[in-house]
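A.B. asks: Show me the folded form of this:
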Amino acid sequence: MLATSSTHSIGPAINPKMPYDADADFTPIAYVASSPNIVLVPNASPSKTMREFIDHARKNPGRLNYASSGNGTIVHLTTEYFKAQSGSFILHIPYRGTALAMPDLISGKVDVLFDSFVTGMPHVKDGKLRAGCDQPEAHGAGA
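C.D. replies: Okay, the predicted model is just below:
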């Protein structure tokens, strides 16, 4: 079995009635992999860099929106962390998975998506989206 942050960290933290105890019921055997997140914006976005995106979001509180793969998912929490660190206010639009959010992101109906590198990069390589990084502190966002 493979565990994820969703099954063993986020789920138990937001739902105290989980049918299992992530610490007591499982024994880790090996660390297999990790996948960094990337920030995806439509090609038509006025922001070309993370710094520009942060500045744009700060100057337009509540006017930008972001997609997530659902409430309480790693995508949702990553973006909320970004908002807290950058001092921005971006509206949340939860989807039932990032695959369902992609058409709206590509068309510009959604302004940003913090996605897994593995699922997001094919859209960047195909020229459908632009990518940045997911570490706002690396760009002075916390300042």
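A.B. asks: C-alpha only now, for contacts and for neighbours.
C.D. replies: Noted.
A.B. asks: mind checking which helix or strand of this structure has the lowest mean pLDDT?
C.D. replies: The helix or strand of the chain with the lowest confidence, counting by mean pLDDT, DSSP states H and E, is helix 5 at a mean of 79.
A.B. asks: which other residues reach that one?
C.D. replies: For helix 5, contacts defined as C-alpha atoms under 8 Å, 6 or more residues apart in numbering pick out residue 74.
A.B. asks: if we go to 10 Å?
C.D. replies: Here helix 5 makes contact (C-alpha atoms under 10 Å, 6 or more residues apart in numbering) with 11, 12, 73, 74.
A.B. asks: Among those residues, which are located in helices?
C.D. replies: Within these, residues falling in helices by DSSP state H are 11, 12, 74.
A.B. asks: okay but the second one is in contact with residue 4, surely?
C.D. replies: No: distance between residue 12 and residue 4: 11.8 Å, which falls outside the contact criterion (C-alpha atoms under 10 Å).
A.B. asks: These two - which one has more neighbours?
C.D. replies: Counting neighbours by other C-alpha atoms under 10 Å for residue 12 and for residue 4 shows that residue 12 has the greater number, 18 against 11.
A.B. asks: Let me know the distance separating that one from residue 20.
C.D. replies: 9 Å (C-alpha to C-alpha, to the nearest Å).
A.B. asks: and the most centrally placed residue in the chain, bridged to which residues?
C.D. replies: Against the mean C-alpha coordinate of the chain, by C-alpha atoms, centre = their mean, the closest residue is residue 114 at 2.7 Å. Here residue 114 sits in beta bridges with residue 39, going by DSSP bridges.
A.B. asks: Would you map the strands across the chain?
C.D. replies: All strands of the chain, identified by DSSP state E, fall at 37-42, 65-68, 91-94, 112-116, 129-133.
A.B. asks: Lowest average pLDDT across those?
C.D. replies: Mean pLDDT values for those show the minimum at strand 129-133, a mean of 82.
A.B. asks: what inclination does that strand have with respect to strand 37-42?
C.D. replies: In terms of direction (axes from the mean of the first three to the mean of the last three C-alpha atoms, to 10 degrees), strand 129-133 departs from strand 37-42 by 150 degrees.
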